[in-house]
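Engineer: Turn this into a model:
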Amino acid sequence: MPFSFDLAVTLQREARRMKRRSKRIRRRQSDICKSHEPWQEFPSDLVIEILTRLPAKSLMRLKSVSKLWSTLICSQYFTNLSSAPRIYMWLGFDKEKILVSSSSSPDLDGSFVVDQDLTISAMKGYSVSHVYRGLMCFTKGTNAQIYNSTTKKLVVLPDIEESNIIAKDHKFNKIIYHIAHDPVHDQYKVVCIVSRLKVVKLLLEHWVFTLGGGVSSRWRKIPCTCPPHSPFTRGLTINGSMYYLALVPNSIKPLFVRFDISSEKLSVLQKPEDAFWCRYYYTEIIEYDGRIAILDHADLVHDGVMDLWVREDEEKNRWSRMKRVLHPSQMNMIKTHIVHNMSLRVQGTTRNGDVILVPQHIFRIGPDQFNVLPQVTTHFYVFLYNLQKNHFRKVEIKSNRYNTKRWDVVGFDDIENLMYL
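Structural biologist: Below you'll find the predicted structure:
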């Protein structure tokens, strides 16, 4: 009996001691977690400055430090600060295509350097249709998938089963996918525009898919109050809206369309009336000094002239027109590299305001139809043109690994996106 009593007392003491130790451990863990919160010991500006200097792989690990750190690193504000510009190339070989990425250093040595191969097996048979803030859209017919080039995550988008146009599986269907960001709800969305010309009637549908919306996510059809149209520009997203120019049947004047990413509403905007709209293939919407602008570069290769319309006031529909004329030395540079049947395609603008111009072969196959082929030389290069400074230059893309005559620059991006798809 005494033995049993002493054993019971000992067990009770040990239980109390373990309970006190457990409480101390929990308090210590709590203190450690609190000490990891950047605002506890260091100014938030200093923490953000340190984090922006780290590579994406390190940032992905640091997201697990605390909920606050995860929110900070995944925030749109931090994403905009932490990224370096990159240019993407879609290289075609005999039986396959690969996607490579080039670091941006043209201000230092006048070149981009290929340093990443982003090709994955799921890309086989697909083509790159859009690159936006670290997200890439790959398409094959009506199929589409989104790839995060930073986290290496891929999501296959569901079919748009309720589309009356896609269901017909007609060869004249035109399907455009565009990735955009909703700043109000901090969401990424994929906009799909489906159109088909049927005799003299144009059929049109707009669909939206929210990325990261869970298993229940599906395509939503957006009511279109605009006249039937077919987009001919890639589309530009700025300040929460996507803008594009579109053709209207039996009219040489296109529509200037805006799609509000948050409200998911379409509207037709007024455009500069003095623009020469017949050359729509050489017309592109770009960002100029934080504003929407329309660039006509049809006369660039032959005459060294570009026309630029900048929207100064949306409510009053006030546009300013500028003409840019290249210097003779710059024209000699173009004539040296741009030969018969070659032209330049606008592929976005850099963070410094340079317009990226990609050489390619263009063949007219009809009144309003063109056949565009990629560059056919092992010499990789693009042109950068700063509209504000009127500075035009050639930038080489350096790579010792790839030897192909079929290549194209498919996108420019300056974001490393850590969001989960």
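
Engineer: got any ranges where the stretch 101-250 of the chain has weak pLDDT?
Structural biologist: By pLDDT under 70, the weakly predicted segments of the stretch 101-250 of the chain are 104-109, 168-172, 199, 213-216.

Engineer: at 50 what do you get?
Structural biologist: Scanning the stretch 101-250 of the chain for pLDDT under 50 picks out 215.

Engineer: Tell me where it has strands.
Structural biologist: 111-117, 127-132, 135-140, 143-148, 153-156, 173-182, 187-198, 201-210, 220-222, 230-231, 236-238, 241-247 (DSSP state E, counting those that start in this stretch).

Engineer: Could you dump those into TSV and include mean neighbour count?
Structural biologist: For the C-beta atoms, the positions are set from N, CA and C on the backbone; glycine is no exception. Shown next, in TSV, are the strands of the stretch 101-250 of the chain (neighbours: other C-beta atoms under 10 Å):
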stretch	mean neighbour count
strand 111-117	16
strand 127-132	20
strand 135-140	21
strand 143-148	20
strand 153-156	14
strand 173-182	20
strand 187-198	20
strand 201-210	18
strand 220-222	15
strand 230-231	20
strand 236-238	18
strand 241-247	22
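
Engineer: got a list of what the residue nearest to the spatial centre of the chain touches?
Structural biologist: Most central in the chain under C-alpha atoms, centre = their mean is Tyr132, positioned 0.9 Å from the mean C-alpha point. For Tyr132, the contacting residues are 178-181, 237, 413, by C-beta atoms under 8 Å, 6 or more residues apart in numbering.

Engineer: one more time with 10 Å
Structural biologist: If you count contacts by C-beta atoms under 10 Å, 6 or more residues apart in numbering, Tyr132 has them with 146, 178-181, 188, 190, 235, 237, 348, 411, 413, 415, 417.

Engineer: Surely Val301 and Arg345 touch.
Structural biologist: No - between Val301 and Arg345 there is no contact under C-beta atoms under 10 Å: 11.2 Å.

Engineer: shared neighbours of those two, which are they?
Structural biologist: Residues touching both Val301 and Arg345 by C-beta under 10 Å, 6+ apart: 282, 357, 359.

Engineer: Between those residues, which sits nearest Ser121?
Structural biologist: Nearest to Ser121, judged by C-beta to C-beta, of the shared contacts of Val301 and Arg345 is Pro359 at 30.0 Å.

Engineer: May I have the beta-bridge partners of the closest one?
Structural biologist: Following DSSP bridges, Pro359 is listed with bridge partners Leu344.

Engineer: Neighbours of it, how many?
Structural biologist: As a burial measure, Pro359 scores 24 neighbours (other C-beta atoms under 10 Å).

Engineer: Quick check: it touching Val382?
Structural biologist: Yes - if you go by C-beta under 10 Å, Pro359 and Val382 touch, sitting 7.5 Å apart.

Engineer: list residues touching both of those two?
Structural biologist: Residues touching both Pro359 and Val382 by C-beta under 10 Å, 6+ apart: 344-345, 375, 394, 409.
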